[in-house]
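Trainee: give the three-dimensional model of this entry:
(chains A and B)
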Amino acid sequence: MTNILLAILFLPILSAAAITLFTLRRPTVSAGISIGSCCLTFILSVLLYRGAVSQGLPLEISFTWLSVGALSVELGFLVDRLSLLMLLVVTGIGSLIHIYSRGYMQGDPSNSRYFAGLSIFMFSMTGIILANNLLMIFVFWEMVGLSSYLLIGFWMTKPSAADAGKKAFLCNRIGDTGFLLGIIILWGTLGTLGFSQINSLLAANPAALGSWTTLVGLLLFCGVVGKSAQFPLHVWLPDAMEGPTPVSALIHAATMVAAGVYLLARAFAIFSLPAAWPESLAWFNFSALEAVAFTGALTALLAALIAVQQNDIKRILAYSTLSQLGYMVMAVGIAYPVAGMYHLTTHAFFKALLFLGAGSVIVALHHEQNIWKMGGLLKRMPITFFTFLVGTLALCGVPPLSGFFSKDAIIAQAFSKSTCLGTISVGVAFLTTFYMGRLFFVAFMGKARSQSAEKSQETPPVMTYPLILLAIAAVFAGFWNVDTWMMRHYGLEPESAGWFAKLLYPFEHAPMAALLSLAAVACGAVLAYKLYYNAKQDVLPSQLGSVARWLKDKFYLDELYENTLIWCQDKFALVCDKFDRWIIGGALVGTVYHGVELIGRLWRLSQTGSVQTYAAIFVFGFVVLAYWVVNW
Amino acid sequence: METFESFLTIGLGHYLTVSVILFCLGVLGLLTRRNLIVVYMSLELMLNAANLALVAFSYFNKSLDGQVVVMLVVTIAAAEVAVGLALIVSLARKKLPVWVNDLNKLKY
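Mentor: Just a heads-up that it's a prediction; the model follows:
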């Protein structure tokens, strides 16, 4: 078992090392190594799943990595239901996307670098999943940030891609600062960072963190806000679409951005503690979970609104990802991480599918990303068309596709917690259907809107087969008992049910929520059909005026950051620069330097170079000395 | 009368006076002469002035310690002259001046 775990973790990094060291000039071999290692990891994960289930869960294996004083840092694996689910999702979808990449990146001169980057990412992501303590998660957390940076800026000669990479890195850095502080406080108060120790400590004494409780939760949540691109740090994710499309599918839709939700589910014991603030901050008086829930809801709503007025196919999907991540975070926030992980799983399938479908269209249209230049793809690209349709329906939450079940679980729970959150989540479901309908009607239906769309052809099988497989998963993932699996993880006893009962379950369990979300989907679809079927251009800007402009320009948040935070930082940097240059460099260092130099210049005059002068001075000195010795 | 006699009888004071005079001549030569060889000779003069003082002390103290030191000084002086003369010869071979005031390359 340990060997399998080590193989799962280290195979991808070995393949990355092999590619960068030996096969940089042989793209085919590099792709083979990378795809092979990823598929092998998936097979090993399945083996691990079977082995772990027969052996009994959870399974924990750890080695001491380094110990300094009382601090002992462990490199350990925690195999439980949560990590097994995430591992299967990541390696499974990862394998498909690796294979798809072979087709998408065909002919790119830096093919090998691309696959090395993907392998590094797979290594870091499995590290996060398998980690049994927060510090190890943090290390791999930074490494996924690195691989994300490398892959967003993959086409680094394009300034926008390079900038997007930097932006992603900086936004993550802000979040991770909070994350690290949280880890330090947690270690300071509990003295351990292992999840099982933390869970047992907190179960024995919920007040173990004292007045730090909520603060620790919020600081850990900072890391989530950065990595899962929640408001206000969400700005990096849409820009990250500058990277190759498979990267967007793998990292910025299905797996890495979901790592935040995974962390929330992993450390749920910390977040779910009742509110406790230090004396001086007591007036805040909200719990960490409430903050999580409202951040998620706000992100979901904001991103869905922005998505309505975007025209770049990948950007629409990026905002959709943000919005769905908001759902997941909200699900954890309303104390139901089961639904969060459920939605994470189904979303990983259908959003990867949507991104890969978009990639297929982009390739067929020679890197055209504007939906208003697509259209009429049913005849020309049938496989992409139908798989994308499946993805769209799953994302909108049409029963019996997977998205319906997971989204319904969240909406039902949201209504049972607070009407406000429930209403927001139904509203977001409406917006989701509307913008996805807009995307689908404009980009795929109707007549071809440009020459490249008229001449488009279906992409090669290496790209379409992953689409088909993902479409199958997107349809049936709702029947794979992900929810009952996760319920058992959190010690809840699910009702066992056949697949038909499963289909009816949402309507029996919380009929109001299920019917409301279906109504929202229907409204959204009808509205999108009315407005965009066979539409020549977008009618919303003329009808909504400035509202549409605000949506299109993302509520001017980027500009706001630019003019406040970045402006302040620039000015501060300017002041620091002047201080360094004039006060430190000029006044302090300058005085010392010039003083020494002046004295040296004076003393130098005594160095005449004539031996006799030196001798004369020596004699004079001797005489003075002799006189002093004799006469005192 | 007594003072006159003691003035005529050669004692330690006389030796030391000669020694000091020789030493001062040596210093004067060292500081004022421009020719390297003469400077070297002045240096030797200073060493020998010291030798004279040591020998005189040795004689009047009835002890051989001073003589031993003199032997040492003579040896060192010989070695030093060997090095110094070698330098002077090599300067001359390079057709460089042997005038002290022209040799000021030690200047900063």
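Trainee: mind checking the SS state of the residue in chain A positioned nearest to chain B?
Mentor: Residue nearest to chain B within chain A: A:Gly609 (2.7 Å; Cβ to the nearest Cβ). No exception for glycine: its C-beta is placed from N, CA and C like everyone else's. Secondary structure, DSSP: H, G, I helix; E, B strand; the rest coil: A:Gly609 is coil.
Trainee: residues near it, how many?
Mentor: 13 (other Cβ atoms under 10 Å in any protein chain shown).
Trainee: same question, A:Arg266
Mentor: A:Arg266 has 26 nearby residues by other Cβ under 10 Å.
Trainee: and for the one 10 residues further on?
Mentor: Around A:Ala276 there are 20 other residues, counting by other Cβ under 10 Å.
Trainee: for it, which residues are in contact?
Mentor: For A:Ala276, the contact set (Cβ atoms under 8 Å, 6 or more residues apart in numbering or on different chains) comprises A:207, A:209-214.
Trainee: can you tell me how far the residue of chain A closest to chain B is from B:Gly84?
Mentor: Distance, A:Gly609 to B:Gly84, using Cβ to Cβ, to the nearest Å: 19 Å.
Trainee: that older thread, what about the residue of chain A closest to chain B, distance to B:Asn104?
Mentor: 3 Å.
Trainee: do the longest helix along chain B and chain A meet?
Mentor: Counting residues, the longest helix found in chain B (DSSP state H) is helix B:65-93. No: taking Cβ under 8 Å from any Cβ of the partner chain as the criterion, helix B:65-93 and chain A are apart, separated by no less than 11.7 Å.
Trainee: just the element for A:Leu47, please.
Mentor: Using DSSP states H and E, A:Leu47 sits in helix A:27-55.
Trainee: an error on my part: the question was meant for A:Met445.
Mentor: Per DSSP H and E, there is no helix or strand for A:Met445.
Trainee: once you drop chain neighbours, what's closest to it?
Mentor: A:Tyr533 (6.5 Å; Cβ to Cβ, 6 or more residues apart in numbering or on different chains).
Trainee: burial measure for that neighbour, as a count.
Mentor: Count around A:Tyr533 with other Cβ under 10 Å applied: 14.
Trainee: pretty sure it contacts A:Phe444?
Mentor: No: in this structure A:Tyr533 lies outside contact range of A:Phe444 using Cβ atoms under 8 Å: 11.0 Å.
Trainee: list the contacts for the closest residue to A:His489 other than its chain neighbours?
Mentor: Spatially, and ignoring its direct neighbours in sequence, A:His489 is nearest to A:Arg81 (3.8 Å; Cβ to Cβ, 6+ apart). By Cβ under 8 Å, 6+ apart, A:Arg81 lies in contact with A:57-58, A:485-486, A:488-489.
Trainee: picking that back up, what about the helix holding A:Leu47, distance to the chain center?
Mentor: Relative to its parent chain, helix A:27-55 has a centroid offset of 23 Å by Cα atoms, centre = their mean, to the nearest Å.
Trainee: for it, buried residues please.
Mentor: Neighbour-count burial for helix A:27-55, counted by 16 or more other Cβ atoms under 10 Å in any protein chain shown, picks out A:27, A:29-35, A:37-42, A:44-45, A:48, A:52.
Trainee: just checking, what packs against the helix or strand hosting A:Phe404?
Mentor: Per DSSP H and E, A:Phe404 falls inside helix A:402-417. Other helices and strands packing on helix A:402-417, by 3 or more Cβ pairs under 8 Å, 6 or more residues apart in numbering or on different chains; DSSP states H and E, are helix A:313-333, helix A:337-364, helix A:382-396, helix A:419-443, helix A:461-476, helix A:482-489, helix A:499-509, helix A:511-532.
Trainee: now the angle from the last one to helix A:382-396?
Mentor: In this case it means helix A:511-532. 140 degrees (axes from the mean of the first three to the mean of the last three Cα atoms, to 10 degrees).
Trainee: with the longest one instead?
Mentor: Interaxial angle of helix A:337-364 relative to helix A:382-396 (the same axes, to 10 degrees): 150 degrees.
Trainee: name the next helix or strand following helix A:337-364 along the chain.
Mentor: Heading C-terminal from helix A:337-364 (DSSP H and E), you reach helix A:377-380.
Trainee: ok, back up a step: got the buried residues for the helix holding A:Phe404?
Mentor: Along helix A:402-417, these residues count as buried under the neighbour rule (16+ other Cβ under 10 Å): A:402-415, A:417.
Trainee: just those now: which is nearest A:Trp480?
Mentor: Closest to A:Trp480 out of these is A:Ser402 (8.3 Å), distances taken as Cβ to Cβ.
Trainee: report the secondary structure state of the residue nearest the centre of chain B.
Mentor: With distances taken as Cα atoms, centre = their mean, B:Met46 lies nearest the centre of chain B, 2.0 Å away. Following three-state DSSP, B:Met46 is assigned to helix.
Trainee: pLDDT below threshold where in chain B?
Mentor: B:1-3, B:5-7, B:106-108 (pLDDT under 70).
Trainee: apply 80 and report the result again.
Mentor: B:1-9, B:95-108 (pLDDT under 80).
Trainee: before we move on, back to that, for the residue nearest to the centre of chain B, give me its contacts.
Mentor: B:22-23, B:26-27, B:30.
Trainee: from B:Ala77, how far off is it?
Mentor: 10 Å.
Trainee: who in chain A is up against chain B?
Mentor: So chain A meets chain B at A:604, A:607-612, A:615-616, A:619 (Cβ under 8 Å from any Cβ).
Trainee: adding pLDDT and distance to A:Leu353, write the residues you listed out as TSV.
Mentor: Shown next, in TSV, are those (pLDDT from 0 to 100; distance: Cβ to Cβ, whole Å):
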residue	pLDDT	distance to A:Leu353
A:Arg604	85	79
A:Gln607	81	83
A:Thr608	80	88
A:Gly609	78	86
A:Ser610	80	91
A:Val611	81	92
A:Gln612	85	96
A:Ala615	88	95
A:Ala616	90	96
A:Val619	91	98
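Trainee: if we can go back for a sec, ok, of the helices and strands packed on helix A:402-417, where does mean pLDDT dip lowest?
Mentor: Ranked by mean pLDDT, the helices and strands packed on helix A:402-417 bottom out at helix A:499-509, which scores a mean of 77.
Trainee: please name every helix or strand in contact with that one.
Mentor: So helix A:499-509, by 3+ Cβ pairs under 8 Å, 6+ apart, packs with helix A:402-417, helix A:511-532.
Trainee: and that helix, what's buried?
Mentor: A:502-503, A:505-506.
Trainee: got the angle for it vs helix A:482-489?
Mentor: 70 degrees.
Trainee: just the CA coordinates of helix A:499-509, formatted as PDB?
Mentor: Provided in PDB are the C-alpha atoms of helix A:499-509 (Å, rounded to 0.1, in the frame of the first residue of the first chain):
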ATOM      1  CA  TRP A 499     -31.000   4.600  -9.200                       C
ATOM      2  CA  PHE A 500     -34.700   5.300  -9.800                       C
ATOM      3  CA  ALA A 501     -35.200   6.300  -6.200                       C
ATOM      4  CA  LYS A 502     -32.100   8.400  -6.500                       C
ATOM      5  CA  LEU A 503     -33.700  10.300  -9.400                       C
ATOM      6  CA  LEU A 504     -36.800  11.000  -7.400                       C
ATOM      7  CA  TYR A 505     -35.000  11.700  -4.200                       C
ATOM      8  CA  PRO A 506     -34.600  15.500  -4.700                       C
ATOM      9  CA  PHE A 507     -38.300  15.900  -5.300                       C
ATOM     10  CA  GLU A 508     -39.300  13.900  -2.200                       C
ATOM     11  CA  HIS A 509     -36.600  15.300   0.100                       C
END
